[in-house]
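Visitor: Model the structure of this input:
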Amino acid sequence: MSAPRIVTDPAHGGRWTSLRSDGREWLWRRDGVGRERVSPGDAFVDAGGLEECVPTVRGTPDHGDAWSRAWTSDRAGTESVHCERFSLNRTVGEDSRVDYVLSADPGFRFVWAAHALLDLSSRATVQLPEGAVTRLYPSANGSWVEGSWPAPGGTRLDRFGPDDGTAVGAVVDASHVCVHDEEDRLSFALEISGGVPQPVSIALWRNLGGFPDTDPYRSTGVEPMLGRVFDLAEAGPGDAARVPASGEVRWRLTVSAGCNCP
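Guide: Here you go, the predicted model:
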């Protein structure tokens, strides 16, 4: 089984535009939505794919400060974006390991998410550690309900299912996740480098035709995260990553065609 192939678009926010393995394209995309014309401060334009959301997902700026900026690439294959308070570098390896470095003043707090919108059937399932602490967000602006995977607050989250007019988000205390869709498997694994602990989680976005209020559509997200909240403004102690005295936070995201969950 070959490693997934990652294609990115540095000129338009660094978005991943393709994640393909064994003939299957995993990323869901929307064409013709005007993404190529955005600039910092614009309202978020959802083109699908995988967005690098940092320093927040929800809140201000919506989906973070990196998606609306042009990234640069160097000869070594590292892509970078420079924002007002931080810079983010990533290097995509041929083995589908993506190494990140965020640089900022010591003490800077942030949330990062690999906001991957996947093209999944109604039969797709998500595999996460049974009983893991899970925060369920019942609405776009609602507070969370805390419970255990896979059914915090009585809502089953391990199956995406057919469109039913709902939209919920969740954050699960885990570092690995596997997606099963028919015979296909995709997994994400997140690990911190450099020896300074940071909060690690997996976010889910299950929009089954419930968002937005006008012209809703289906979008299903599986999102490795640093942090435990969607909105940085809601982060309590231990809910956001923090830049140490070195001025850098380093982490690795590994994408695999198969299920590598422990």
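Visitor: what about the stretch 1-150 of the chain, any weak spots by pLDDT?
Guide: Within the stretch 1-150 of the chain, the segments meeting pLDDT under 70 span 1, 139-142.
Visitor: Quickly list what Phe110 is bridged to.
Guide: Beta-bridge pairing of Phe110, defined through DSSP bridges, involves Ala241.
Visitor: Sorry, slip of the keys, the one I care about is Ser219.
Guide: Ser219 has the following beta-bridge partners by DSSP bridges: Asn207.
Visitor: Look up how far Ser96 lies from it.
Guide: Taken as C-beta to C-beta, to the nearest Å, the spacing of Ser219 relative to Ser96 amounts to 23 Å. Placement of C-beta: from N, CA and C, glycine included.
Visitor: burial of Ala66, as a residue count?
Guide: 24 (other C-beta atoms under 10 Å).
Visitor: Tell me who's in contact with it.
Guide: If you count contacts by C-beta atoms under 8 Å, 6 or more residues apart in numbering, Ala66 has them with 13-14, 52-54, 81, 83, 88.
Visitor: In JSON lines, list those residues along with neighbour count.
Guide: Formatted as JSON lines, the entries for the contacts of Ala66 read as follows, by neighbours: other C-beta atoms under 10 Å:
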{"residue": "Gly13", "neighbour count": "24"}
{"residue": "Gly14", "neighbour count": "23"}
{"residue": "Glu52", "neighbour count": "25"}
{"residue": "Cys53", "neighbour count": "25"}
{"residue": "Val54", "neighbour count": "27"}
{"residue": "Val81", "neighbour count": "22"}
{"residue": "Cys83", "neighbour count": "17"}
{"residue": "Leu88", "neighbour count": "25"}
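Visitor: Ala43: neighbouring residues, count only.
Guide: The local packing count at Ala43 equals 9, with neighbours defined by other C-beta under 10 Å.
Visitor: Once you drop chain neighbours, what's closest to it?
Guide: The spatial neighbour of Ala43 that comes closest, neighbours along the chain excluded (C-beta to C-beta, 6 or more residues apart in numbering), is Asp62 at 6.8 Å.
Visitor: pretty sure Tyr103 contacts Ser246?
Guide: Small correction: residue 103 is Ser, not Tyr. No. With contacts defined as C-beta atoms under 8 Å, Ser103 does not count as touching Ser246, sitting 9.3 Å away.
Visitor: Which of these two has more residues huddled nearby?
Guide: Set side by side, Ser103 and Ser246 show unequal neighbour counts under other C-beta under 10 Å, the larger going to Ser103 at 17 against 12.
Visitor: so who does that one touch?
Guide: Contact partners of Ser103, counting by C-beta under 8 Å, 6+ apart, are 86-89, 243, 247-248.
Visitor: same check, this time on Leu136
Guide: Leu136 makes contacts with 144-147, 152-153, 155, 157, 168-170, as judged by C-beta under 8 Å, 6+ apart.
Visitor: how about 6 Å then?
Guide: For Leu136, the set of contacting residues under the criterion of C-beta atoms under 6 Å, 6 or more residues apart in numbering consists of 144-145, 152-153, 155, 170.
Visitor: and if you look at Arg97?
Guide: Applying C-beta under 6 Å, 6+ apart, we find Arg97 in contact with 252, 254.
Visitor: if we go to 8 Å?
Guide: Arg97 is in contact with 252-255, counting by C-beta under 8 Å, 6+ apart.
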